[in-house]
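S.K.: structure, please.
(chains A and B)
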There are 2 protein chains.
Amino acid sequence: MTARTAGPVLIVGSGLLGASIGLALRGLGVDVLLEDASPTALDLAVDYGAGRRAAEGDEPALVVVAVPPDQLAPVIAAALERHRGALVTDVGSVKVKPLEALTALSAPIERYLGSHPLSGRERGGAISARADLFIGRPWVITPHEATTSEQIHALEALVLDVGSAPVVLSPREHDRSVAIISHVPQLVASLMAARLVDAPAAAVNIAGQGLRDVTRIAGSNPELWVQILTANADQVAPVLAAIRDDLAELERAIVAHGAPGARRVIAELLQSGNTGVARLPGKHGGDARFTQLVVLIDDRPGQLAQLLTEVGEVGVNLEDLRLEHSPGAQLGIVEMSIVPEVRDRLEEALTLRGWRIAG
Amino acid sequence: MTARTAGPVLIVGSGLLGASIGLALRGLGVDVLLEDASPTALDLAVDYGAGRRAAEGDEPALVVVAVPPDQLAPVIAAALERHRGALVTDVGSVKVKPLEALTALSAPIERYLGSHPLSGRERGGAISARADLFIGRPWVITPHEATTSEQIHALEALVLDVGSAPVVLSPREHDRSVAIISHVPQLVASLMAARLVDAPAAAVNIAGQGLRDVTRIAGSNPELWVQILTANADQVAPVLAAIRDDLAELERAIVAHGAPGARRVIAELLQSGNTGVARLPGKHGGDARFTQLVVLIDDRPGQLAQLLTEVGEVGVNLEDLRLEHSPGAQLGIVEMSIVPEVRDRLEEALTLRGWRIAG
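M.R.: You can find the predicted model right below:
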């Protein structure tokens, strides 16, 4: 595969996102230059193969600024100043504030085009970087009034090269969207997880997957998130206020659950939750296309391979697969996602071959 | 394996939990009798092999009441009345209220011992039942003043037979625990998901795994949950109140994020979230024992089987495995969990064999 991106590409900031972009582009043969305020971080990213050190005379065609949110505006302004032939983008989680700050700095924003890959891991740093970090994820491009369509195409080339799907939104649409789908969920997860700090051990010990899912992202880095949340406070605040109102009504109904109408308030909130969650696209942009078949296997090497070989022999392609071990039982639970049309045939074939179907 | 449970066991209510208990006990050869107010539901559970219809003259040693929360007390009371030689338990999500109701009914509670399996699926009904539903999950037993240790042992036999870990808590400890780890998380997920009802399509379309995790359980059945939440309102309300207070403080800090101390408030909440989520046990009672190796495979039948065959040849046992397809890319991402000691060896062996390691 040849790269769509016209290099050299200079990546400023060689943390998780910067190093991952570097790895992906290097895999396509793009010339990638790296810079980082921390020499150690830079060394690490170079060692990982994310690119080479930028040198005097290097003239990037594209600069990607991948620094923490509170350093974005000055670092973008400096890049615009130093690389006058380059389009400069950034990968920050908030788009309005940095653009306003650049305008206030009288930076040449006609060469700045913001963007935001909706990718990430709970861990940070080049050490967690991976070339496939962006595959199949949206990458939002946020043009402003001075942006040209050539610039959008140039940035889309990079987005497509790393395997992401480009989505064009205005900076304000972007910030409003991420408030709802990322920033407030982060706070909601933290609010819930904070209740566990003083919870009795008995409670924590019987917790299951539901609570783990609700609170998983509460493990994120507080310093980074304070920067994100304050930078997008204007959009985060109204969503929090709406949750506060719903919560107040809900709490009243729970306390007075015998009163007329109280159960209805609770039911309506749960119903709204059903409606809201149903709007989320599945992993495949619509998981509803698939059905599950669950097979129990013995917990020893080779069993799963044997099962999958036989699934292949039956001629069925798996859309997704999960293996879960049952603690305390010598048993693995394999949940296979398949298109509904083949389910009966696969179940019958596997049963005939002696596999234990559990659902 | 022979059953520890002394049968016959009568299961009253043949929905998801009742039918799943029946399937698990039938697998061990226990005589299982089924009853359900709905003849259709009963037929379905019998067809699924969860047990046989209860007949005149059957005398169960143990009765398991598995009906919706708001029917628990009268159905338990009737079972105590009809089966005077039996220990009667239930599998309801709330324990104090039904016990109080039984006492108010002057039921012979010395033969009633409540319990609650922490298992469940988003789908209900015998049609979703599976014998492995309880494997590796906690099953809380809630003795009261009149309970004997023989009765606890008898119920523990059933809990162990279906593969669960028995946990003994008082009814009040139980209700307080599930408020924190189950009932309030349900409401928090619903509060968040309710924000998606009127969210712009642009926002919903760029949503990712974080939001999906936070809101997954918001897909649960509202009717069932209204019953659970109102039955445990006394324990749910104070947890909601604590979240309301944290949220109010957080909202003030977000709105006035430039003011002295505001960032600290936000940071402290996020930090508490870190602390809280770290208290949760992993899937294996500590997933930290495992490390991940990610391999990219082509998206066609046989590839995954081939990979796993080769992993087996290297002599490595997988602890867990996830396959994810990248939408729009002809690529599967296989994340294998392994013990850290074998990671380097496996990575080297797979690289030599031509597999693409992504991290």
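
S.K.: mind jotting down where the helices sit in the stretch 251-359 of chain A?
M.R.: Counting by DSSP state H, counting those that start in this stretch, the segments of the stretch 251-359 of chain A that form helices are A:262-278, A:303-314, A:343-352.

S.K.: can I get those in a markdown table with mean pLDDT?
M.R.: Output for these, formatted as a markdown table (pLDDT from 0 to 100):
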| stretch | mean pLDDT |
| --- | --- |
| helix A:262-278 | 96 |
| helix A:303-314 | 83 |
| helix A:343-352 | 89 |
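
S.K.: could I get those as JSON lines with mean neighbour count and distance to B:E156?
M.R.: C-beta: built from backbone N, CA, C; applies to glycine. As requested, these are exported to JSON lines (neighbours: other C-beta atoms under 10 Å in any protein chain shown; distance: least, C-beta to C-beta, whole Å):
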{"stretch": "helix A:262-278", "mean neighbour count": "20", "distance to B:E156": "34"}
{"stretch": "helix A:303-314", "mean neighbour count": "20", "distance to B:E156": "31"}
{"stretch": "helix A:343-352", "mean neighbour count": "15", "distance to B:E156": "34"}
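
S.K.: in a markdown table: those, plus distance to chain B.
M.R.: Putting the helices of the stretch 251-359 of chain A into a markdown table (distance: least, C-beta to the nearest C-beta, whole Å) gives the following:
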| stretch | distance to chain B |
| --- | --- |
| helix A:262-278 | 3 |
| helix A:303-314 | 4 |
| helix A:343-352 | 12 |
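
S.K.: how about the strands in chain A?
M.R.: A:9-12, A:32-35, A:52-53, A:62-65, A:87-90, A:114-117, A:138-142, A:165-168, A:291-298, A:320-325, A:331-338, A:356-357 (DSSP state E).

S.K.: for those strands, give me a markdown table that also has mean neighbour count.
M.R.: Shown next, in a markdown table, are these (neighbours: other C-beta atoms under 10 Å in any protein chain shown):
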| stretch | mean neighbour count |
| --- | --- |
| strand A:9-12 | 26 |
| strand A:32-35 | 23 |
| strand A:52-53 | 14 |
| strand A:62-65 | 26 |
| strand A:87-90 | 27 |
| strand A:114-117 | 25 |
| strand A:138-142 | 22 |
| strand A:165-168 | 18 |
| strand A:291-298 | 18 |
| strand A:320-325 | 20 |
| strand A:331-338 | 20 |
| strand A:356-357 | 14 |
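
S.K.: weakest of those in terms of mean pLDDT?
M.R.: Per-stretch mean pLDDT for the strands of chain A is lowest at strand A:320-325 (a mean of 70).

S.K.: if I look at A:P340, how far off is A:T291?
M.R.: The gap separating A:P340 from A:T291 is 4 Å, by C-beta to C-beta, to the nearest Å.

S.K.: per-residue pLDDT, A:A199?
M.R.: 96.

S.K.: neighbours of the residue nearest to it when sequence neighbours are not counted, how many?
M.R.: Spatially, and ignoring its direct neighbours in sequence, A:A199 is nearest to B:I180 (5.0 Å; C-beta to C-beta, 6 or more residues apart in numbering or on different chains). As a burial measure, B:I180 scores 24 neighbours (other C-beta atoms under 10 Å in any protein chain shown).

S.K.: quick one: contacts for B:I180?
M.R.: B:I180 makes contacts with A:195-196, A:199, A:203, B:239, as judged by C-beta atoms under 8 Å, 6 or more residues apart in numbering or on different chains.

S.K.: 6 Å instead, please
M.R.: By C-beta atoms under 6 Å, 6 or more residues apart in numbering or on different chains, the contact list for B:I180 reads A:195, A:199, A:203, B:239.

S.K.: could you measure from the third one over to chain B?
M.R.: In this structure, A:A203 lies at 4 Å from chain B, with C-beta to the nearest C-beta, to the nearest Å as the measure.

S.K.: ok, that residue touching B:H183?
M.R.: No: A:A203 lies out of contact with B:H183 (C-beta atoms under 6 Å); the separation is 11.2 Å.

S.K.: so these two - more neighbours on which side?
M.R.: B:H183 (25 against 22).

S.K.: what's the neighbour count on A:P8?
M.R.: 20.

S.K.: ok, it - contacts?
M.R.: By C-beta under 6 Å, 6+ apart, the neighbours of A:P8 are A:31, A:33, A:60.

S.K.: let's see 7 Å
M.R.: A:31, A:33, A:58, A:60-61 (C-beta atoms under 7 Å, 6 or more residues apart in numbering or on different chains).

S.K.: pLDDT value on the closest residue to it other than its chain neighbours, please?
M.R.: Distances taken as C-beta to C-beta, 6+ apart place A:D31 nearest to A:P8, at 4.1 Å, with adjacent residues excluded. You'll see A:D31 listed with a pLDDT of 97.

S.K.: hmm, A:G7 and A:D31 touching each other?
M.R.: Yes: contact criterion C-beta atoms under 7 Å: A:D31 and A:G7 qualify, at 4.3 Å.

S.K.: show me the beta-bridge partners of the residue lying closest to A:E156 once chain neighbours are set aside.
M.R.: Residue nearest to A:E156 in three dimensions, not counting chain neighbours: A:P166, with 4.6 Å by C-beta to C-beta, 6+ apart. Going by DSSP bridges, A:P166 is paired in beta bridges with A:W139.

S.K.: residue closest to the middle of chain A?
M.R.: Nearest residue to the geometric centre of chain A (C-alpha atoms, centre = their mean): A:S119, 3.3 Å.

S.K.: that residue contacts A:R137, correct?
M.R.: Yes: with contacts counted by C-beta under 7 Å, A:S119 reaches A:R137, the gap being 4.5 Å.

S.K.: okay, now the unreliable bits of chain A?
M.R.: A:1, A:121-123, A:282-289, A:299-301, A:324-331, A:359 (pLDDT under 70).

S.K.: could you list the domains of it?
M.R.: Domain assignment for chain A, taken from automatic domain parsing, gives A:9-169, A:175-276, A:287-357.

S.K.: okay if I get these as TSV plus distance to B:D344?
M.R.: Formatted as TSV, the domains of chain A follow (distance: least, C-beta to C-beta, whole Å):
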stretch	distance to B:D344
domain A:9-169	16
domain A:175-276	26
domain A:287-357	18
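
S.K.: which among those domains is found nearest to B:Y112?
M.R.: Of all the domains of chain A, domain A:175-276 sits nearest to B:Y112, with 21.4 Å by C-beta to C-beta.

S.K.: centre of the chain versus stretch A:127-141, how much separation?
M.R.: 8 Å (C-alpha atoms, centre = their mean, to the nearest Å).

S.K.: what lies in contact with that stretch?
M.R.: Under C-beta under 7 Å, 6+ apart, the answer for stretch A:127-141 is A:16, A:19-20, A:23-24, A:27, A:44, A:48, A:50, A:113, A:115-119, A:121, A:152, A:155-156, A:159, A:162-169, A:174, B:206, B:208, B:296, B:326-329, B:331, B:333, B:358-359.
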